[in-house]
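K.L.:
3D model of this:
(2 chains)
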Amino acid sequence: MKDVILKALRIASGEQTPNLEFPENEDFGDFTSNVAMVSGKPAKDIVEKLKKDKDLAEIVAKIEIAGPGFINFYLSEEALGAELEKVLKAGKNHGSSSLGEGKTVVIDYSSPNIAKRFGIGHLRSTVIGQALYNLYQTLGFKVIGDNHLGDWGTQFGVLLAQIEDSGLKTQDLTLDKLEELYVDFHKKAEADPKLWDGARAWFKKLEEGDSAAKEIWKNLVEISVTEFNRIYKLLGVKIDYAYGESFYEDYMPKVINLLREKGLVKKSQGAEIVEFKDLPPAMLVKSDGATTYFTRDLATILFRVGSWDPEIIIYEVGMEQTLHFRQVFAAAKLLGWAKDRELVHIGHGLIRFEHGKMSTRRGDTVKLEDVLSEATSRAGKIIEASETGRGLSDKEKEEVAEAVGIGAIKYFDLSHHPATDIIFDWEKLFLLEGNSAPYLQYTAVRADSVLKKAKNADLDFNSKELKLNKEEARVISGLIRFPEVIIAAAKNYSPNLLTNYLFGLAQKFNNFYNQHRIIDGENENFRLALTKATGEVLKSGLGILGIETPERM
RNA sequence: GCCUCUGUGGCUUAACGGAUAGAGCAUCGGUCUUCGGAACCGAGGGUGGAGGUUCGAUUCCUCCCAGAGGCACCA
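P.N.:
A predicted model of the protein is given here:
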């Protein structure tokens, strides 16, 4: 459909790549072009030529010049009907494409730190990263997810020192206890900064392979990973790999040598640094010989390039690390690793308090698990109070509450543009109506329910004789945008474009639903088809966002 | 001090340089002899400030104001 219009437009305007897009306001038609304004050619002349195009005449009911010179295309009812048939025929594949065929993208996301609780701060990376993963997969890319666990570095020196100091045995260690030790250290170190030397010495020992240190470290990793996996299960997130920073120990010497050989390393105050033209220098080796996360992130690129040769590596990591990634990417370029390869840092904003950052060091964080269980319990209360939960068993209600509650939290995060900060507020987080996951889930479930209730399961309709009202036409023009929205959301690394779209589609459907009968209404077959297609798009869209749709709710 | 990001109705927010700045929450007023009311319809109210580029700026540029983050031995 779009290519027919595009082709006609190319001929009529004489422009190689005329712009053709979906107008924001559906009153302006199904497609719109600004080619007249951009090229300076009179819109009237272009439209005259367009009207002579036979292929175009078959699908378009009206071509109009509007506003400052937009050319708007209104599809005929028959064409809209045919589009709906296409959407239905594609079924679950509507929206997917082969755009990324043969290309690989690595996504680095979630990446929590070992020995710290999984805080709400990690929600963004985890949820946005997973959505990007699904988006790229839908576009036919080979996608590799890697959970770059923070399981190495001086922070472990801190813990090792604290554990030795306190005389705690491994069996006494829990994540809460570890976090306590961590907070306690920072408190003490503020008064006595020399403590850091002890911590660094411990990390140095660990890096040199000291067996006692390694033993304790392994334990810390195990305790944490077990805990993380529980959270991931709750969230319904599965990440392909979790190499973690420690994995790259063996690659360190190679990275350091490569940089030295290229003459990119400079000694400074006992440490080795890499300097850049327009960035502050980055530290490669500390004065005590231990490595830094700069070194480790370079090693990580080396490994990923060697293993997967990806076209794109996406880092879904907080914005506070922007400078670090700029340095890492700059160094990778100097090493020649970024040729024909895109290194992208999606720096998401913080989930923070009104006054500023949450800080593990200060111990003022919010546990993700607490948020998820609160959301689930609030969803549960609504089920009890509302009509919609009737006839569900207790177990079903529990499952629905989980899908709805956790879906709401994820959606809340995803519906914000990644770059903005989110102010943490218990009340705003738990939105279960309006622009929210439950609204979309509800709409999808309701669509299914109608289909089940219809005695007539026949979805065939004759698009040639189709008469559409405004509400129906809007739903269809919503449905046909889905594939482009997925592309835009992936390209811009903005899952919020998909949440916006899905919400708009659900609104259009609900609007239609409230004004027209489906079962036993006019055009019943057509309306059932419309209902089916909407439900499917909503479900697959939610699926891409990592949000599950219950059977009933 | 330097660098990065952000600033849109009371609150939370959306918008490849385009049309009347689009929603949700809250407020007020409506819809129901319901195919699922976690719904639908309507109302009020908004681009931090000053310039500039452009046929056209929330979007790009400059300056200012406000907030957040970062600036070598944490990650």
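K.L.:
from here on, contacts and neighbour counts on C-alpha atoms
P.N.:
Will do.
K.L.:
Now do the phi/psi pair for residue A:434.
P.N.:
When read as degrees, to the nearest 10, the backbone of residue A:434 gives phi 70, psi -140.
K.L.:
That one: neighbour count?
P.N.:
Look at residue A:434: counted by other C-alpha atoms under 10 Å, it has 11 neighbours.
K.L.:
Repeat that for residue A:461.
P.N.:
Residues near residue A:461, counting by other C-alpha under 10 Å, number 18.
K.L.:
Let me see the contact set for it.
P.N.:
Residue A:461 sits next to A:523, A:525-526 when contact means C-alpha atoms under 8 Å, 6 or more residues apart in numbering.
K.L.:
Kindly indicate which of these lies nearest residue A:410.
P.N.:
residue A:526 (33.8 Å; C-alpha to C-alpha).
K.L.:
Next, find the distance separating the closest one from residue A:533.
P.N.:
Residue A:526 sits 11 Å away from residue A:533, going by C-alpha to C-alpha, to the nearest Å.
K.L.:
residues in the stretch 51-200 of chain A within reach of RNA strand B, list them.
P.N.:
A:66-68, A:70-72, A:113, A:150, A:152-155, A:196, A:199-200 (C-alpha under 7 Å from any atom of the strand).
K.L.:
cool, and the stretch 251-400 of chain A?
P.N.:
Counting by C-alpha under 7 Å from any atom of the strand, the residues of the stretch 251-400 of chain A that sit close to RNA strand B are A:268-273, A:280-283, A:286-288, A:292-293, A:319-324, A:349-350, A:355-357, A:379, A:382-383, A:386-389, A:400.
K.L.:
Would you mind checking these for buried ones?
P.N.:
For those, a neighbour count by 16 or more other C-alpha atoms under 10 Å gives the buried set as A:271-273, A:282-283, A:286, A:292-293, A:319, A:324, A:349-350, A:379, A:383, A:389, A:400.
K.L.:
what's the lowest-pLDDT member of these?
P.N.:
Model confidence across these bottoms out at residue A:389, which has 67.
K.L.:
picking that back up, filter the residues of the stretch 51-200 of chain A next to RNA strand B down to the ones in strands?
P.N.:
Filtering those for membership in strands, criterion DSSP state E, returns A:66, A:70-72.
K.L.:
Need the buried ones from those selected in PyMOL.
P.N.:
Typed into PyMOL, the line below selects the buried ones among those, using 16+ other C-alpha under 10 Å:
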select buried, chain A and resi 70+71+72
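K.L.:
related to what we said a few turns ago, helices - which of the residues of the stretch 251-400 of chain A next to RNA strand B land there?
P.N.:
In helices, judged by DSSP state H, the following of those are found: A:293, A:322-324, A:379, A:382-383, A:400.
K.L.:
from the residues you listed, which two are the most distant?
P.N.:
The span of these, defined through C-alpha to C-alpha, is set by A:293 and A:383 at 47.2 Å.
K.L.:
ok, back up a step: which of the contacts of residue A:461 has the most neighbours?
P.N.:
Going by other C-alpha under 10 Å, residue A:526 tops those with 24 neighbours.
K.L.:
separation between the closest residue to that one other than its chain neighbours and residue A:94?
P.N.:
Excluding the flanking residues, the one nearest residue A:526 by C-alpha to C-alpha, 6 or more residues apart in numbering is residue A:461, at 5.4 Å. Residue A:461 sits 20 Å away from residue A:94, going by C-alpha to C-alpha.
K.L.:
For the stretch 201-350 of chain A, which segments count as helices?
P.N.:
All helices of the stretch 201-350 of chain A, identified by DSSP state H, counting those that start in this stretch, fall at A:211-235, A:252-261, A:293-308, A:322-334.
K.L.:
Let me have the ones you listed in TSV, extended by distance to residue A:119.
P.N.:
Output for the helices of the stretch 201-350 of chain A, formatted as TSV (distance: least, C-alpha to C-alpha, whole Å):
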stretch	distance to residue A:119
helix A:211-235	10
helix A:252-261	30
helix A:293-308	21
helix A:322-334	21
